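Peer 1: Return atomic coordinates for the entry below.
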Amino acid sequence: MLKAILIDCIPPSVTPKEADYRLSEAESLVKTYGGVVLVKKIQKKLIPNYATYIGGGKIEEIVELNTTLGANIVIINNELKPRQIYNLSEKLKKNGLEVWDRVDLILKIFQKHATTREAKLEIQLASIKHMGPRIFGMGMELSRQGGGIGTKGVGETNTEFMKRHLARMEHRILEQLEECKKVRKVHRDARKRKNLPTVGIIGYTNVGKTSLLNALTRKGAYAAHKLFATLDTRVGKIYFPENAKEALVSDTIGFIQDLPTTLIKSFQSTLEETIEADLLLHVMDVSDPRMTEKIKIVNVILAQIDALYKPTLYVLNKIDCLPKKERTALLKKMAGEFKRHESFWVSSVSGEGLMELKKGMQKSLGLL
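Peer 2: Here you go, the predicted model:
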């Protein structure tokens, strides 16, 4: 079992509230993977340590802490450079501690939850892009055993060999993903021939996207109260009895803050369903006090995949979690912020507001 010491390195300007939230979200990621956080620590540094990201004093503190904790891993809630990961691992491995950064943790969760061939390929691709540069560390080890540091010996030969091997792996994965992409295009073209409009459900992770898909389509897809419960694209059909029209609704991977561009690019094939959809439903959790910030994070990622300006309806989910008085107050507060997009207040659990949302979808899709 993963028993983690969780470290976050933040600038001094970050507020205590924001710092606490960053750590709580990272802890949720660890729990989603199936681990437990034994202790959480913050280091305030304007510029991270060039060699090890966290400072020498914090490293000594970790070693001393772990004499009684019994942790087996240190997770840094930031994206580290390959050399920083290598140097930090070298300093801590004699104390029985492995080192992951935030991207490692997210990739491990992805690997655990992926079910389709396409999702597994995309995770392999993201892993190569993230882990590949770290082979310099292995090369250094081999250099010590071979020709020695600073000379052309066994280490350099093996490092170059590994680079070529990873390049070949990446090429093969990209070829297989291209096949998946062609299959997706065939399916999309078939839907177009049947005049079936498409709707993509997007949003921050754990806001209830899959639950909404199930409520709208009776798809019965797996939904859970945890981060990244869905990695693969799920597609269901929604029927509008008023005019006997149909549409396809797809749900895909949720977004999260500080999601590296490499991960977004690796999941480009899966996200194509979102990019190509006729209409987007941007789902948000109204019971989340950080809802507005998460809307901005999702919009940044949508901009990166060229989907920000697609026709979009805002779906404020989980209203069943709010007392009536809070709903009214929040509705007034958000009225000004949602001018650009038509918004609908719903509960995927109770069904409240779903009829209004369906009518809004029909109107936006030109089915009325």
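
Peer 1: Could you spell out the sheet neighbours of the helix or strand harbouring I201, each with its direction?
Peer 2: Using DSSP states H and E, I201 maps to strand 198-203. When pairs are called by DSSP bridges, strand 198-203 turns out to pair with strand 245-251 (parallel), strand 279-285 (parallel).

Peer 1: what's near enough to touch L308?
Peer 2: 299, 302 (C-beta atoms under 8 Å, 6 or more residues apart in numbering). C-betas here are computed from N, CA, C, even on glycine.

Peer 1: how close does it get to L280?
Peer 2: Separation of L308 from L280 (C-beta to C-beta, to the nearest Å) stands at 10 Å.

Peer 1: ranges for the helices of the stretch 51-200 of the chain?
Peer 2: For the stretch 51-200 of the chain, the helices defined by DSSP state H, counting those that start in this stretch occupy 56-69, 82-92, 102-113, 117-131, 135-145, 154-193.

Peer 1: Determine which of those shows the lowest mean per-residue pLDDT.
Peer 2: The minimum mean pLDDT among the helices of the stretch 51-200 of the chain belongs to helix 135-145 (a mean of 45).

Peer 1: about what we covered before: can you add mean neighbour count and distance to P241 and give the helices of the stretch 51-200 of the chain back as JSON lines?
Peer 2: Shown next, in JSON lines, are the helices of the stretch 51-200 of the chain (neighbours: other C-beta atoms under 10 Å; distance: least, C-beta to C-beta, whole Å):
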{"stretch": "helix 56-69", "mean neighbour count": "14", "distance to P241": "59"}
{"stretch": "helix 82-92", "mean neighbour count": "19", "distance to P241": "56"}
{"stretch": "helix 102-113", "mean neighbour count": "21", "distance to P241": "35"}
{"stretch": "helix 117-131", "mean neighbour count": "20", "distance to P241": "33"}
{"stretch": "helix 135-145", "mean neighbour count": "16", "distance to P241": "58"}
{"stretch": "helix 154-193", "mean neighbour count": "14", "distance to P241": "20"}
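
Peer 1: Would you mind giving those helices as a markdown table with distance to A244 added?
Peer 2: As requested, the helices of the stretch 51-200 of the chain are exported to a markdown table (distance: least, C-beta to C-beta, whole Å):
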| stretch | distance to A244 |
| --- | --- |
| helix 56-69 | 63 |
| helix 82-92 | 57 |
| helix 102-113 | 37 |
| helix 117-131 | 33 |
| helix 135-145 | 58 |
| helix 154-193 | 17 |
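
Peer 1: Figure out which of these is closest to Y21.
Peer 2: Judged by C-beta to C-beta, the one of the helices of the stretch 51-200 of the chain that comes nearest to Y21 is helix 102-113, at 14.4 Å.

Peer 1: Just checking the distance from that closest one to the centre of its chain.
Peer 2: A distance of 9 Å separates the C-alpha centroid of helix 102-113 from that of its chain, computed with C-alpha atoms, centre = their mean, to the nearest Å.
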